[in-house]
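Student: How does the following fold in three dimensions:
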Amino acid sequence: MNNRLTGLASAARTLASQPAALLSASRISARGLLATAHHTMSIFGITALVMIGVLYFRPDLAVSLSKTLVGETVQETPIVSVPPLSELMEAPAVAKTAAVAAPEATPTSDEKALMGTRKQQEFVTSWLSKRYRVAGDATNMLVSTAYLTAREIKLDPLLILAVMAIESGLNPFAESPMGAQGLMQVMSKVHTEKFQDMGGVQAALNPVANIRVGALILKDYVAKGGSVEAGLKSYVGAGAFETDDGYGSRVMAEYNRLKQVSAGKKVPTITPVLAAAAPVAKQQATAVASNDKVKVTPEQLAGL
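Tutor: Model prediction:
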């Protein structure tokens, strides 16, 4: 009898202890699951950060991954390469063909005077490069083109360079709010016919084409106006107005500086403030007086 009671008591104690053991085991299992989940999320987070960093610094991998996952063609942004300046300075195809077809004639004395000596061109190139902070090689190309154009159309190269300097600061890609483009700030939409033999108006930013067209326009205006000042006034679009706001005076001042530089004289590359800020009324009076005194015929354009 006692053995039975003892066995029943032992069984009761065993049954009573089982829920506690089960509860303890479940607690341990839950902690393990939470720890495992925490570590898993940490690994995923670190992996995601590493992937984002790799894709940020290697966009080509992102494109390849998107092509693989999406299965669609992703349009890549084309890489625009800037052509060298030597190619931009090349003359249009028509001009080069004509130059090859016709052998270069021996320059006359007047043409030699227009072209100047190599030393004079070097003086002008060096001064313009320092004054407008343009690379020496680029400035040399622009000056050489201006001199060659001047020889061809019979116009003073220093006048062409003075207009280039005032109009664009020797920036071949300059463009005004009104649409004037390039070194000579030519309105290509107005003078479309002059660009026809040079590839169309898209050649307006070609330095060679821009200098040539701008010089031809300037020569026409000077011939029609009868004086350099009148031609400059028409060139800047102020032909119908009483004043050009000092544009002609600024060009002529730069022209005179270039003449001194070409002669080997030392001319400051920085214009004094007082000289640049001359009263507009005085500039207008000078321009009017010059128009009255200086009359130029088309045959005299080369000696401006």
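Student: Can you give me the neighbour number for Met41?
Tutor: The number of residues packed near Met41 is 10, by other Cβ atoms under 10 Å. (Each C-beta comes from the backbone N, C-alpha and C, glycine too.)
Student: in which helix or strand would I find it?
Tutor: Assigned by DSSP states H and E, Met41 belongs to helix 2-57.
Student: Then Pro172?
Tutor: If you go by DSSP H and E, Pro172 is not part of any helix or strand.
Student: tally of neighbours for it?
Tutor: Based on other Cβ under 10 Å, the number of other residues close to Pro172 is 23.
Student: please begin residue numbering at 11 from this point
Tutor: Fine by me, first position is 11 from now on; the one you just mentioned is Pro182.
Student: And the closest residue to it other than its chain neighbours, its phi and psi?
Tutor: For Pro182, ignoring the flanking residues on the chain, the nearest one in space by Cβ to Cβ, 6 or more residues apart in numbering is Pro217 at 4.5 Å. Main-chain torsions, Pro217, degrees, to the nearest 10: phi -60, psi -40.
Student: wait, isn't Pro217 in contact with Thr155?
Tutor: Yes - assessed by Cβ atoms under 8 Å, Pro217 is found in contact with Thr155 at 6.5 Å.
Student: low-scoring stretches of the stretch 11-160 of the chain, by residue?
Tutor: Filtered on pLDDT under 70, the stretch 11-160 of the chain yields the residue ranges 11-40, 42, 64-65, 67, 70-73, 75-124.
Student: The same query, at a cut-off of 90, please.
Tutor: Low-confidence segments of the stretch 11-160 of the chain (pLDDT under 90): 11-127.
Student: What separation do you get for the residue nearest to Pro182 and Lys243?
Tutor: 25 Å (Cβ to Cβ, to the nearest Å).
Student: Please apply the same query to Arg143.
Tutor: 29 Å.
Student: who's more crowded, those two?
Tutor: A direct count of neighbours by other Cβ under 10 Å for Arg143 and Lys243 places Lys243 higher, at 23 against 11.
Student: wait, is the more buried one part of a strand?
Tutor: No - under DSSP: H, G, I helix; E, B strand; the rest coil, Lys243 sits outside any strand and is assigned helix.
Student: Was I right to think it contacts Glu252?
Tutor: No - between Lys243 and Glu252 there is no contact under Cβ under 8 Å: 9.8 Å.
Student: I figured Asn181 hits Met194, correct?
Tutor: No - between Asn181 and Met194 there is no contact under Cβ under 8 Å: 11.2 Å.
Student: more crowded one of these two?
Tutor: In this view Asn181 and Met194 are compared by other Cβ under 10 Å, and Met194 has more residues nearby, 26 against 14.
Student: List the contacts of the more buried one.
Tutor: Met194 sits next to 170, 173-174, 177-178, 220-221, 223-225, 227-228 when contact means Cβ atoms under 8 Å, 6 or more residues apart in numbering.
Student: Going by distance to Lys204, which of the residues you listed wins?
Tutor: Val223 (4.7 Å; Cβ to Cβ).
Student: if I look at the closest one, how far off is Leu158?
Tutor: 14 Å.
Student: Pick out whichever of these two has more residues nearby.
Tutor: Per other Cβ under 10 Å, whichever of Val223 and Leu158 has more neighbours is Val223, with 25 against 17.
Student: Quick one: residues contacting the more buried one.
Tutor: Taking Cβ under 8 Å, 6+ apart, we find Val223 in contact with 194, 196, 201, 204-205, 208, 214.
Student: which regions of the stretch 161-310 of the chain lie under the pLDDT threshold?
Tutor: For the stretch 161-310 of the chain, the ranges with pLDDT under 90 are 198-215, 248-250, 252, 281-310.
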